[in-house]
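**Student:** Okay, sequence plus prediction incoming.
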Amino acid sequence: MTPFGLKMRVLREERGLTQQQQADYLGVSKAYISALETGSRGRPSGPFVDQICAWLGLIWDDAEALKALAAMSHPKPTIDARKCSADAVYLANLLAQNIRWLNPDQCNEVSKMVERQLQLSQSQDTPS
């Protein structure tokens with residue numbers, strides 16, 4: 001399951017709506033909606049996410065949050081580490097080869113650590 005698929009399912013179920021209703025509104029098959037939720041299809045296009053936001057009645061921050069999740073929900077991401085340090089290449093391969101062994105709590109811990117490091121890097125790059 002992708003972060004986008006999980007959130008879309010939660011939002012749909014909170015509203016008492018079905019996959020079939022969503023599929024009918026969006027002009028796709030129920031199987032496609034299911035595949036988006038489970039992550040067996042790639043991330044949806046921006047305009048399609050906009051349609052989903054409209055169908056769910058999402059506005060402003062909620063719509064932007066769903067769009068951000070869609071951007072981070074490719075089930076088979078690739079990392080181009082060609083111009084990165086040897087340490088970055090190692091990290092990319094370490095994650096690629098072992099991510100399936102991490103449980104959700106461990107994934108959250110690694111994600112938060114990376115996000116903290118990125119924030120530190122960005123704050124150091126910003127002139128005072």
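**Tutor:** Arrived safely, thanks for sending.
**Student:** CA atoms for contacts and neighbours, from now on please.
**Tutor:** Fine.
**Student:** mind listing the helices for this structure?
**Tutor:** When secondary structure is read from DSSP state H, the chain shows helices at 3-14, 19-26, 30-38, 46-56, 60-71, 86-98, 104-125.
**Student:** between those, which one is nearest to Pro77?
**Tutor:** Each of these has some distance to Pro77 by C-alpha to C-alpha; the shortest is helix 86-98, at 9.2 Å.
**Student:** Let me know which of the helices of the chain is the nearest to Asp80.
**Tutor:** helix 86-98 (8.8 Å).
**Student:** domain assignment for the protein?
**Tutor:** Described in terms of automatic domain parsing, the domain architecture of the chain consists of the residue ranges 3-71, 86-125.
**Student:** Please determine how far Ala71 is located from Glu115.
**Tutor:** Distance of Ala71 to Glu115, computed by C-alpha to C-alpha, to the nearest Å: 16 Å.
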